[in-house]
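Asker: Sequence and predicted structure are below.
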Amino acid sequence: MNTRRDFIRNAIGMSGLLLGGSFLVSRCGNPKKPAKDAGESKKPVSCSDLSGISPEEIEKRKRLGYVDETPIADSNCGNCKLYLPPGKGESCGSCSLFKGPVEVNGYCTYYAPLS
Ligand code: SF4
């Protein structure tokens, strides 16, 4: 005869099995696909990809007048004091004033030429 105590004991045991099973299944993915906790980051596909940027930062870019292609010859992010060049393996730089990818040939109203 099953008692209430047996029922609770069995329910706890089944919960443990389900949790353990789901953990194992989650760890058995495509071996070629890197794990999320193995350094995967949200690198933009192009310098125009703002998918990882907050709406506030996107608005800040607009307020500063950032454009991907400079309208002024010889004045661009690549020769601006505030430009941060791309890291190793990255194609987009960034700016000290806002978050998100920046084109080396971009420009904004805060352009500060290297002397
Ligand atoms: S301040 Fe403007 S021009 Fe200078 S790097 Fe940032 S976005 Fe480019």
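Answerer: Looks like it arrived, so ask away.

Asker: Contacts only, for the closest residue to Asn79 other than its chain neighbours.
Answerer: Closest residue to Asn79 apart from its sequence neighbours, by CB to CB, 6 or more residues apart in numbering: Leu114 at 5.3 Å. Any C-beta I mention is one placed from the backbone N, CA and C, and that applies to glycine too. If you count contacts by CB atoms under 8 Å, 6 or more residues apart in numbering, Leu114 has them with 79-81.

Asker: Repeat the analysis, applying 10 Å as the threshold.
Answerer: Applying CB atoms under 10 Å, 6 or more residues apart in numbering, we find Leu114 in contact with 78-83.

Asker: gap between it and Ile53?
Answerer: Here Leu114 is placed at a distance of 26 Å from Ile53 (CB to CB, to the nearest Å).

Asker: returning to that earlier point: of the contacts of Leu114, which belong to helices?
Answerer: Per DSSP state H, helices hold no members of the contacts of Leu114.

Asker: most surrounded residue in the residues you listed?
Answerer: Cys80 (24 neighbours; other CB atoms under 10 Å).

Asker: show me what contacts the closest residue to Asn105 other than its chain neighbours?
Answerer: In space, and not counting its chain neighbours, Asn105 is closest to Asn76: 4.9 Å by CB to CB, 6+ apart. By CB under 10 Å, 6+ apart, the contact set of Asn76 is 69-70, 83, 103-108, 111, 113.
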